[in-house]
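In: give me a 3D structure for the following:
(chains A and B)
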Amino acid sequence: MTSEPILEISNLRTVFRVRGREIAAVNGIDLVIRPGETVALVGESGSGKSVTSLSVMRLLARRIGVIDNGSIRFRGKDGKTKDLVTLGEEEMRQIRGNDIGMVFQEPMTSLNPVYTIGDQISESLRVHRRLGRREGVEAAVGLLDKVGIPDARRRAGQYPHELSGGMRQRATIAMALACDPTLLIADEPTTALDVTIQAQILDLMQALQRERGMGMLFVTHNLGVVAEIANRVAVMYAGRIVETGPVAEVFKAPRHPYTMGLLKSMPRLGTASEMKRTGAKLPAIPGMVPSLADLPAGCAFAPRCAFARDACRQAMPALSPVNDHHGSRCIRWQEISA
Amino acid sequence: MLRYCLHRLLVGLAMLLALTVLIFTLLQLTPGDPIDAYIDPNVAMTKEAMDALRARLGLDQPLPVQYLAWLSQAAQGNLGHSLQRFNETVSGLILSRIGPTLLLMGAGLSIAIVIGIASGILSAVRRNTVPDYSLSVLALLGISSPAFLTALLGLYVFSVRLKWTPSGGMLTPATDFSVGDLLHHLILPATVLSIGHAALIMRYMRASMLEVLNQDYVRTARAKGVKEFWVVTKHALRNALLPVVTLIGSTIGLAVGGAIFVESVFNWPGMGLLLISAVETRDYPVIMGATLVIGACVIVVNILTDLAYAVIDPRIKVA
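Out: Residues are numbered from 1 along each chain as shown, chains lettered A, B, ... in the order given. Here you go, the predicted model:
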């Protein structure tokens, strides 16, 4: 884990320009991913986790979403490190699908309904490696086989609507891995799937990552998934990373009230009947995620935080180091514990 | 697939039948007597002679009998004789006129489809820019300009003022046939015919393209590093075409009406001109025959449109 990072995001700020106003969906985040490492980006809807991943791919809605500040240093397959923020569009296009693969949330809508699975999987090979159509289809069959789709040759000739949700997600994974990327970005890849299929897809992604030594940025709101797949976790709230560290440490001893709240509100196996008997409710974080257009002055979580003091409402707390690899954006991290 | 086609053909046949009944009934409601147009106004005719002529032509029979007589002959391919042009069969007349009409409509619709789809894509991809606004204004003008205006304006500007195109006809009289001459005559009426359709197709294409460009699979294509040109023309276009194909299919019926008008302005020797002169002279057999053939063409085109759907979108199973 001490090898050179393949992705180094520093002070990234991504804004959306809506009706003359600028709203920062991602506001100064730092994130490092090393080869073979999985970093989970966790947060509620609107926390900026998907915008972060789309910023890395530079696939934000054009003219609306803009990277305003910061750098995204990425080391490609050629070993050269480039800043993706300032890269030209054509160079960026050559990185997409080739050096960085991406898996999206909805396997139903992220595949084009009018082209065959095989055609769509082989497309990045045709684009980046100039493979012919026939070689491309052969490669696609191999990839489908690799991601555990039985009868791969027949499936390659089918259209997305002929496959189940789990199979379609396997196909999109095959698509993302076609050109052997060094970084895989997975934006809630299991959210739309049944629980049993979720576990299979996670196992598959983990196995493929180990085999290829890729770095992986895994975006999710599901803490159970984080525990299963990630080495490190970064918890996002209102466009900022509020806590980051090794998964085991953060889960065992969270140092930010928001992380603590998230972990507490996770139902645990075996407690359901107990809670039903005693009439207890699943603990929830009170209040709502603030609107990004209307953030409070100090810590964005302060209005919902049981530990908040006046000082919290005055200035945004800095990310303070709990130890070498664990940080918390809370001024009271030393006092609080779960 | 075959069963579906047969089914659609049967439904189409029923529609044609209903169409003939409708036209036949409407013709009886029009004032005047076909016999008036049949006889020579300069020759005095006795009532007996007129009745005899009426009986010979079958016009003394009750209407249902007249209709069934026409239908049974039509079913055998005999559409009768023109009342006005002696010794000319209706099918012969139609056969000589259908080619020019198909040529004019085909050219007009092709221009409309190419221009409409291309400008619709351009407008969507460059939305809220000067090209988009200009194309949208042009489309609005195109939709709201009636054909009689554009046809006359086109004639005035390109034939009368600029003298770029002939003002009418399909070929220069008393010269040998040449494709160049035909195209020279074709370009103006075909363009006039295409304007409204091009504008309509452009607006549908723009809306449909904008919607498709926001779809997840378009983002997936970009994430694979597909060039933007191919993202639009391969991934988005085929999906965005579906509603446009429906539109094109349903405007073909409208295009027939437009073609009739354009033919009469440009003196294009097609079905429209034939139909108009038949209506003016109460040439009932020709009206019936021409309507039947036009109706049949529209129905066949609509079936082809539905089949095109299945080719574009694999999710649609034609069965």
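In: could you measure from the nearest residue to residue A:266 once chain neighbours are set aside over to residue A:184?
Out: Take residue A:266 and drop its neighbours on the chain: the residue closest to it by C-beta to C-beta, 6 or more residues apart in numbering or on different chains is residue A:223, 5.4 Å away. All C-beta atoms are positioned from the backbone trio N, CA, C, and that covers glycine. When C-beta to C-beta, to the nearest Å is the yardstick, residue A:223 and residue A:184 sit 20 Å from each other.
In: which residues sit against stretch A:271-278?
Out: Contacts of stretch A:271-278 with the rest of the structure, by C-beta atoms under 8 Å, 6 or more residues apart in numbering or on different chains, involve A:280-282.
In: most neighbours among those, please name it.
Out: Using other C-beta atoms under 10 Å in any protein chain shown as the contact criterion, the top neighbour count among these goes to residue A:282, which has 12 neighbours.
In: immediately after the helix or strand of chain B with the lowest mean pLDDT, which helix or strand?
Out: The least trusted helix or strand in chain B, going by mean pLDDT, DSSP states H and E, turns out to be helix B:34-38, with a mean of 70. Toward the C-terminal end, the helix or strand that comes next after helix B:34-38 (DSSP states H and E) is helix B:47-57.
In: for the closest residue to residue A:38 other than its chain neighbours, which residues are in contact?
Out: Excluding the flanking residues, the one nearest residue A:38 by C-beta to C-beta, 6+ apart is residue A:216, at 4.3 Å. Listed by C-beta under 8 Å, 6+ apart, the contact set of residue A:216 reads A:33, A:37-39, A:183-186, A:205, A:209, A:229.
In: which strand residues bridge residue A:216?
Out: Taking DSSP bridges as the rule, residue A:216 bridges to residue A:38, residue A:184.
In: now residue 191: which helix or strand?
Out: In the absence of a named chain, chain A is used. Assessed by DSSP H and E, residue A:191 sits outside every helix and strand.
In: not quite, I wanted chain B
Out: Secondary structure from DSSP H and E places residue B:191 in helix B:179-213.
In: show the average pLDDT along whichever helix or strand comes after that helix.
Out: Using DSSP H and E, the next helix or strand after helix B:179-213 towards the C-terminus is helix B:216-223. Averaged across helix B:216-223, the pLDDT comes to 94.
In: same question for stretch B:269-287.
Out: 85.
In: again with stretch A:254-267
Out: Rounded mean pLDDT across stretch A:254-267 is 88.
In: excluding covalently adjacent residues, which one is nearest to residue 51?
Out: Using chain A here. residue A:25 (4.3 Å).
In: try again with chain B
Out: For residue B:51, ignoring the flanking residues on the chain, the nearest one in space by C-beta to C-beta, 6+ apart is residue B:60 at 7.2 Å.
In: for chain B, what's the nearest residue on the stretch 51-200 of chain A?
Out: Residue nearest to chain B within the stretch 51-200 of chain A: residue A:97 (3.6 Å; C-beta to the nearest C-beta).
In: an error on my part: the question was meant for the stretch 201-338 of chain A.
Out: Checked against chain B (C-beta to the nearest C-beta), the nearest residue in the stretch 201-338 of chain A is residue A:217, 13.2 Å away.
In: so what's that residue up against?
Out: The neighbourhood of residue A:217, defined by C-beta under 8 Å, 6+ apart, consists of A:7, A:31, A:33, A:38-39, A:41, A:53, A:56, A:183-186.
In: apply 7 Å and report the result again.
Out: Residues near residue A:217 by C-beta atoms under 7 Å, 6 or more residues apart in numbering or on different chains: A:33, A:39, A:41, A:53, A:183, A:185.
In: do the same with residue A:62
Out: Neighbour list for residue A:62: empty [criterion: C-beta under 7 Å, 6+ apart].
In: helices of the chain, residue ranges please.
Out: No chain in the question, so chain A it is. Using DSSP state H, the helices assigned to chain A run over residues A:49-57, A:89-95, A:117-129, A:133-146, A:152-156, A:165-177, A:195-212, A:223-229, A:247-252, A:257-264, A:271-278, A:310-314.
In: meant chain B actually
Out: With DSSP H as the definition, chain B shows helices at residue ranges B:2-29, B:34-38, B:47-57, B:63-75, B:90-125, B:130-144, B:147-154, B:179-213, B:216-223, B:228-230, B:237-266, B:271-280, B:284-312.
In: could you dump those helices into JSON lines with mean neighbour count added?
Out: As requested, the helices of chain B are exported to JSON lines (neighbours: other C-beta atoms under 10 Å in any protein chain shown):
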{"stretch": "helix B:2-29", "mean neighbour count": "13"}
{"stretch": "helix B:34-38", "mean neighbour count": "15"}
{"stretch": "helix B:47-57", "mean neighbour count": "12"}
{"stretch": "helix B:63-75", "mean neighbour count": "14"}
{"stretch": "helix B:90-125", "mean neighbour count": "20"}
{"stretch": "helix B:130-144", "mean neighbour count": "15"}
{"stretch": "helix B:147-154", "mean neighbour count": "16"}
{"stretch": "helix B:179-213", "mean neighbour count": "21"}
{"stretch": "helix B:216-223", "mean neighbour count": "22"}
{"stretch": "helix B:228-230", "mean neighbour count": "12"}
{"stretch": "helix B:237-266", "mean neighbour count": "20"}
{"stretch": "helix B:271-280", "mean neighbour count": "20"}
{"stretch": "helix B:284-312", "mean neighbour count": "19"}
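In: rank these by pLDDT, which is bottom?
Out: Averaged per stretch, pLDDT over the helices of chain B is lowest on helix B:34-38, reaching a mean of 70.
In: mind listing what's buried in stretch A:299-313?
Out: Of the residues in stretch A:299-313, those scored as buried under the neighbour-count criterion (16 or more other C-beta atoms under 10 Å in any protein chain shown) are A:299-302, A:304-305, A:307-308, A:312.
In: farthest-separated two in the residues you listed?
Out: Within the buried residues of stretch A:299-313, A:300 and A:307 form the most distant pair, 14.3 Å apart (C-beta to C-beta).
In: tell me, how many neighbours does residue A:108 end up with?
Out: 16.
In: residues contacting it?
Out: Taking C-beta under 7 Å, 6+ apart, we find residue A:108 in contact with A:165, A:168.
In: how near is residue B:52 to chain A?
Out: Using C-beta to the nearest C-beta, to the nearest Å, one obtains 67 Å as the distance from residue B:52 to chain A.
In: contact residues of chain B facing chain A?
Out: Contact residues of chain B with respect to chain A, defined by C-beta under 7 Å from any C-beta of the partner chain, are listed as B:215-217, B:219-227, B:235, B:238-239, B:312-315.
In: re the thing from before, wait, the residue nearest to residue A:266 sits on residue A:262?
Out: Yes. Using C-beta atoms under 7 Å, residue A:223 is in contact with residue A:262, at 6.1 Å.
In: hey, least reliable of the helices of chain A by pLDDT?
Out: Ranked by mean pLDDT, the helices of chain A end with helix A:271-278 in last place, scoring a mean of 74.
In: you'd agree residue A:100 is up against residue A:180?
Out: No. The pair residue A:100 and residue A:180 does not pass the contact test of C-beta under 7 Å, sitting 11.3 Å apart.
In: perfect, that will be all.
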